[in-house]
Structure formats: C-alpha cells, structure tokens
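1. Sequence and computational prediction follow.
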Amino acid sequence: MLPVTAFAYLARNSSRGRSAVSAIAGIWYLDRKPAISELQGILDALAMYGPDHQARLDLGEVALGRCLLSILPEDRFDQQPLVVVPEQSWLIADVRLDNRDELVRKVGLPLSTLYQSSDAAVLLAAWRRWGESCLQHLVGAFCFAVWDARARHWFLARDHVGYRPVFFHHSRGLFAFATMARGLMALPAIGASLDEEQLALQLALVPRAPDRTLFVGIQCLRPGHCLRVTADGVRTIQYWQPDDAPAIRFRTDQEYADALCERFDRVVSAQLRSTTGVASHLSGGLDSSSVTATAARLLGAHGQELLALTSTPRPEFVGRELKGRFGDEGPAAAMVAARYPNIRHLLVDTRRYSFLQVIQNNCQLDDRPIFNPTNGMWMNAIRDIVQQHSIEVVLVGQFGNATLSYLGMDAFSEWFRRGHWWTAVTLGSALVRNRHASFRTLLARTLRPSLPALLRPLFTKQTELSFSLVHPRLVRELRLRQRSSTGWAGLGTDALVSARALFERGEIADANTGVQAGWRIDERDPTRDRRIMEFCFGIPPEQFLAGGQTRALVRRAMRDRLPAATLARRERGLQSADWHLSMAAERSGMARELARIEAAPIAQRCLDLARMRHLIEHWPADGFERPEVFAPWHLALTRGLSVGHFIRRFDPDAEVRDPSSAFIAPAPAASRHLAEERLP
C-alpha cells in the first residue's frame, strides 16, 4: 500500500509544484575552444522539452545545462547544474527516482530531504556516496552526466530500462550530448543528415545496431549503459541487462504469485507520485487491467480517484477482427472499472482525429517517424483528455508481454536442449488439454529454435516484406528479406533470449519525451520497472505456464483484483481495429502527402513510391482483417507515409520541405485533431 506519509505530503503540496522532467545537454571542445555559445543553441533547440526554466554553466572549453519541465512535486527545488566538488565537478540530470525513500535512508540524509529536495539532489547525494557504483542503487527513469574538470572526464549514464533518452556525438576535437537528437543537430559541425540504410532497416523490421540512429554522426546511449569520455576517446560500458536477474525460487506456485503482487504494489505505489492526479490506459487485456486495478486499490485506500481511459472503434465499425483478437475493448474494460468505485471510466472516440496529423505532430515531437500512426490517433486522443483534466501522470502497461503477462512458450526449446523433457511433456500436455496451445505449435516452438543458428533460417519462411515499402533496390542491395527472416529466426531460442530481444527492440524513450513536450504528461509503465523485470526474468519459466495455461503467473497473481472473465480470456485486444475507416476518410490527403514525399530525393531512393501510390489508388472494398489486406494497406502504407514525411522534414533537396524541420514548437493539444485538409 502507498505509504500514508507520501499521501499526506501530496495532499499538503497539491497546489505548489509539479513533477520535474528535464532536457539536459553538454559540450566539450578538446582544443579548448569556448563552448557556451553553442551550448545555448542546443538548449534553445531543446526548449520545448523543458519550457519552465533554463540553466547553464560556462566552464570555458566545457559547457553544460538543462531545460526544466516541472512534473514531480519536488521539482520546485531543482537548482541544476549541481556542484559535486567545488570548482572540480558538476552534475546535470533528467531524473525521476522511484526509490527516493530507500536512497535517502541509505545515504544518511535527514527525513526532511524527502520533502525539500529535488530528485537530482538525491541523485547527487548517491553519487557522492558511491560514485559510478550508484547505478546499482538507483530505480526509476534517468539520464545524467558528470563533468570532472580535474581529470578532464565526462561520465554519462542512462537508466536500466530505457525511460529517458540521451544522444551523443564524438569526433575529432568535439564531444557533445543532448536529451534529444535535435539538440545535437543545432551544432554546425553535426547538422541533420539522414542515414538511408538505417531508414531501410527500420522499415523492414531488421534489428539495427542499438546505438545507431536515423541520423549520421549521432549515436544513442543504450539502456543499462554508461559512457566514459576522456581526451583519448569514448568507452561504452554495459552496467545492467535483464540476464543479470538473480535466480528467485519459492516452494509453491502461489508463493510466486504473492511475491509478484507484493513487488507490483511497491512499483505502482512509487509511480503514483504526482500533485495533479493520476490516469491510466485501460484496455481489455491483462497488462493494463492489472496496472489499473492495482493503482485503483492503492488510491482508493486514501480516497483518491483514478481516471481510466479506453479507446473504442468508431460506431460504424462492423468488420471482423483478426483471428484470436477482439476489436472493441470497451465492454471488457468496463468490467474491470466496475469493480472499483474510485475509477472514473471514459470511452475515447477518435473520429475527430487525423492519422496524417498524428504523423506530422508526433514526428515533430519525437524526432523520429511514428511506427503505428493509427494507434497514435487513440493515444493522442487519450492524452488530450488527460490534459483537459489537468493530470500529468498516466500509467500504461506496454511492456507486460515480456514481463507480467509473458506468454512462456519460448521455454520449450530451452527444456528440450537441456534435457528437461519431463517438464516439457507435462506442461505441453496440459496446455493442449486446456486448449491453450496446439500440438503443432508446441512442436514448432520446441524444435525450430533448438536447431543450430546457421540452420535455423532454412526452416523459417523468408519474409516477403509485404508490411514494408522499402525501395526494391535497397531490398536487394541490403538483403533485407534474408536479414529480416534471420532476425526473427533468432527469437525463441529460450525465455531470456526472447525477453531480452523484446527489451532491446522496444525503445520508447524519445517517444516518452515527445509526450512530455506535447502534453506535459509523464507516461509511466510499471510493467517495465527494473524490479518487475528482474523478478520475471529471475523466476523459473514454467511459472508462466503453470496449470496448463499461458500467461499463468499474472492470472494467479491478479485473481482477487480482476474479473474472472478477464483472467480467463485468451483473445487479445486489437488496437485500431477500425483502421480502414480512418484511412479511407483521408485518401485524398494521403495522395497529397505522397506528392510532397515524391519531391524528396532521399525518399525516391529509400521508398517504393510507385507501390505506395498503387495502394492509395486501389483501395480494397472488404477483407480488412485478412493478412493479405492488413499487411500492405494498414502496416506498409501508414509506415511508408510516416517515414516519407520524416524524410521530407530533413532532406535539404526536397522541393516541398516541411517547416517543422526548423523545430517549430507543436500546436496546442486542442488543435491536434485538425482534419487532413489543414496540413501544409
């Protein structure tokens, strides 16, 4: 349960401050050139991510600073940059600590620190106590940097699970970093040059090098990594990964479920920290339902309300869903909300929203193409409603498929290779008997991943890339069909490998930062918390299949919190089931946007523009749930338009260049649902 002291503090300060989030930046000219003027250019480019206050420090060849967006109750105490050692070292941070109480006790600070210090100040105390080893004690969302003037040394670190981003550039005589890539693009030495190969890999869903970005000369510091920078070069070090989870063993299945509940309560409790109330995404699935139910229990015990929001299809939607999926999540979500009297449940209508406008706004906010623009419609609709209620914290359950509600099927190949055949046969038989899996599925899950890595792609159907609009020339030159197949063939070799792959591919930080800039909302995901990840990766994989059902752990753990129908449901919700209705309404807008994209030379080299135009002009009449329709018209076309819009923002030779390439601040939320006719 959320500590009474924390609730008392929030009530006491509900009108004083919000929670703080920052954009940070630093620059170092190794030839001792003055850095402050160019740092100011970086901070100006980042201003939309921290509009409340700006601070900078001039150290000659080095300059550092931050832009503040106040969201946490303690942000009013933020006084960065912070002095680590007078005239020797300084710290800047974008940080939300989810274990503040524990850290304050560990470093020996007075209890008043909880109520009178920013999270950056608590982080500073941890750094002074442990130095770089403080990373082992931190839980939450952070990126921070420390400049040591005496040693002429930068240290940068990013949080374990990738909540906060940080990008960097290193070349002869120059090192610079910034929360978002646009900050580095403000430096004349870097600019904004697109990496065409990385664009193609993203469209084809080929795993990219985790530190590569879509921009030449700009790298991303990976989650769970830190960076040491000296005059001799840059060294990246991994300080945490999911595989590091210690083994967790109990005697009974119920003990695992009880332990998960105890940890999940602590995690959700910590993420409720706000002075403006809390909202949540509530779908019909297990993850968001578990997050919402747990938050409602904790808030309800102290007389506080939770605003829960559910996206529903348009009223005219009558189409069939994909097999094993259901399109209208409203009734299932309502069943969960009805169990908790302190939940205010709202259904979200997206009819006023344009997916083309989502492409434009989100690309501008995130510095990258939005991957699922039709999902962006209902997500932005929810954010608008949350903003209208003056709420700044939203709980989501996006990573639950790899933790809380992990399917568990990848364990069969692991058991087969290790000779744990009795476990595989016993649980497999129970799954088949309970109709949670077929014998054919189990056989494929067991044998194919167990093949040697060189042979595995031979038994995997080569990807046809129907979901992608990469230019045919690049498909051939980069061998994208083979590389895409090989990438997916590497999944499923065992439970940890699959979980780690989902973690590495699920980069969310720049999108989270975009949400903070566009709506003043901090989206927090308890299912992605380090403590939940370490628990779920540390327990035996058979716990996810106990009793002959998939996702068994969360079904047991949430037995007293969720309706029986929710716990028993095998189908998954289908987001944007009415995608074809919103897209059909914007065909003329799609054609106009394509004409602008066609004027960009980089788009001509990277995108299959002829196929894109064919898809727009030959709209299907029905069968929208069939893969042969869903993949090209929904997945390929929306992503192609998104990447195309992104390209024309940055292509210097585009005849019709988007003015947002100059990093104009986004429009107020109230105008984000403009019709496509309002696009430039």
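-> Alright, I've got the coordinates. Numbering: from 1, shown residues only.
2. Please make it C-alpha for all contacts and neighbour counts, starting now.
-> OK.
3. All the strands of the stretch 551-680 of the chain, residue numbers only.
-> Under the criterion DSSP state E, counting those that start in this stretch, strands of the stretch 551-680 of the chain are mapped to 572-573.
4. where do the helices sit along it?
-> Along the stretch 551-680 of the chain, the segments classed as helices by DSSP state H, counting those that start in this stretch run 552-557, 564-568, 579-584, 587-598, 601-606, 609-617, 627-629, 637-650.
5. what's the answer for the stretch 151-300 of the chain, then?
-> If DSSP H, counting those that start in this stretch is used as the criterion, the helices of the stretch 151-300 of the chain fall at 181-185, 196-203, 253-271, 286-300.
6. is it possible to export those helices to CSV including mean pLDDT?
-> Listed next are the helices of the stretch 151-300 of the chain as CSV, based on pLDDT from 0 to 100:
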stretch, mean pLDDT
helix 181-185, 96
helix 196-203, 93
helix 253-271, 97
helix 286-300, 97
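7. got these as a markdown table, with distance to Arg570 and mean neighbour count columns?
-> Rendered in a markdown table, the data for the helices of the stretch 151-300 of the chain read as follows (distance: least, Cα to Cα, whole Å; neighbours: other Cα atoms under 10 Å):
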| stretch | distance to Arg570 | mean neighbour count |
| --- | --- | --- |
| helix 181-185 | 41 | 26 |
| helix 196-203 | 30 | 19 |
| helix 253-271 | 19 | 19 |
| helix 286-300 | 10 | 25 |
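8. nearest to Leu469, of those?
-> If you check each of these against Leu469 by Cα to Cα, helix 196-203 wins as the nearest, at 7.0 Å.
9. got the angle for the closest one vs helix 637-650?
-> For helix 196-203 and helix 637-650, the angle between their directions (axes from the mean of the first three to the mean of the last three Cα atoms, to 10 degrees) works out to 160 degrees.
10. got the contact list for helix 196-203?
-> Residues external to helix 196-203 that are found in contact with it (Cα atoms under 8 Å, 6 or more residues apart in numbering): 207-208, 212-214, 468-470, 474, 480, 602, 606, 639-640, 643.
11. Not counting sequence-adjacent ones, nearest residue to Leu615?
-> Trp633 (6.5 Å; Cα to Cα, 6 or more residues apart in numbering).
12. and that neighbour, how far is that from Arg417?
-> Summarising the geometry, the distance separating Trp633 from Arg417, computed by Cα to Cα, to the nearest Å, is 40 Å.
13. Could you report the distance from the spatially closest residue to Ser576 that is not a sequence neighbour to Ser354?
-> By the measure of Cα to Cα, 6+ apart, the closest residue to Ser576 outside its immediate chain neighbours is Asn375, 5.8 Å from it. Asn375 sits 11 Å away from Ser354 when distances are taken as Cα to Cα.
14. which one of these two has more residues nearby?
-> More neighbours sit around Ser354 than around the other of Asn375 and Ser354, counting by other Cα atoms under 10 Å; the figures are 24 against 17.
15. pLDDT value on the more buried one, please?
-> Ser354 is assigned 94 on the pLDDT scale.
16. does the closest residue in space to Thr113 that isn't next to it in sequence count as helix, strand or coil?
-> Leaving aside its sequence neighbours, Thr113 sits nearest to Val104 (Cα to Cα, 6+ apart; 7.3 Å). With DSSP: H, G, I helix; E, B strand; the rest coil as the basis, the three-state label of Val104 is helix.
17. pretty sure Val104 contacts Ser112?
-> No - no contact is recorded between Val104 and Ser112 when judged using Cα atoms under 8 Å, the distance being 9.6 Å.
18. Between those two, which is the more surrounded one?
-> Neighbours were counted for Val104 and for Ser112 using other Cα under 10 Å; Val104 has more, 19 against 9.
19. quick one: contacts for that one?
-> By Cα under 8 Å, 6+ apart, the contact list for Val104 reads Pro110, Leu111, Thr113, Leu114, Val122.
20. To what extent is the fourth one buried, counted in neighbours?
-> By other Cα under 10 Å, the residues close to Leu114 number 19.
21. And Arg569, by the same measure?
-> Burial of Arg569 is recorded as 13 neighbouring residues (other Cα under 10 Å).
22. And it, how close does it get to Leu286?
-> Using Cα to Cα, one obtains 9 Å as the distance from Arg569 to Leu286.
23. follow-up on the earlier one: how many residues are close by the residue nearest to Leu615?
-> 25.
24. Can we start the residue count at 732 from this point?
-> Right, with 732 as the first residue, what we last looked at is Trp1364.
25. quick one: it and Glu1348 touch, right?
-> No - Trp1364 sits out of contact with Glu1348 when judged by Cα under 8 Å, with a separation of 11.0 Å.
26. just the strands in the stretch 732-881 of the chain please.
-> Secondary structure of the stretch 732-881 of the chain, counting by DSSP E, counting those that start in this stretch: strands at 752-760, 784-789, 793-800, 813-816, 820-828, 871-879.
27. residues making contact with the fourth one?
-> What it means is strand 813-816. Contact with strand 813-816 is made by Ser820, Trp821, Leu822, Ile823, Ala852, Leu855, Arg859, as judged by Cα under 8 Å, 6+ apart.
28. Tell me who's in contact with the closest residue to the first one other than its chain neighbours.
-> Sequence neighbours aside, Asp879 is the residue nearest to Ser820 in space, at 4.3 Å (criterion: Cα to Cα, 6+ apart). Applying Cα under 8 Å, 6+ apart to Asp879 gives the contacts Gln819, Ser820, Trp821, Trp885.
29. okay, those residues in TSV with distance to Pro1383 and neighbour count next?
-> Formatted as TSV, the contacts of Asp879 follow (distance: Cα to Cα, whole Å; neighbours: other Cα atoms under 10 Å):
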residue	distance to Pro1383	neighbour count
Gln819	42	13
Ser820	40	18
Trp821	38	21
Trp885	33	22
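30. Report the contact partners of the closest residue in space to Leu1138 that isn't next to it in sequence.
-> Counting by Cα to Cα, 6+ apart, Leu1138 lies nearest to Arg1282, which is 4.9 Å off, once chain neighbours are set aside. Arg1282 sits next to Ser1136, Tyr1137, Leu1138, Gly1139, Phe1275, Leu1276 when contact means Cα under 8 Å, 6+ apart.
31. just Ala1248 next, same as before
-> With contact taken as Cα under 8 Å, 6+ apart, Ala1248 is in contact with Met779, Tyr780, Gly781, Leu1096.
32. in this structure, which segments are predicted with low confidence?
-> Along the chain, the model assigns pLDDT under 70 to residues 732-752, 1050-1053, 1183-1194, 1216-1231, 1233-1235, 1237, 1387-1411.
33. mind listing the helices for the stretch 1132-1281 of the chain?
-> Assigned helices in the stretch 1132-1281 of the chain, in chain order: 1142-1149, 1152-1164, 1170-1178, 1203-1208, 1211-1220, 1226-1236, 1240-1250, 1261-1269 (criterion: DSSP H, counting those that start in this stretch).
34. That's all I had, so thanks and see you.
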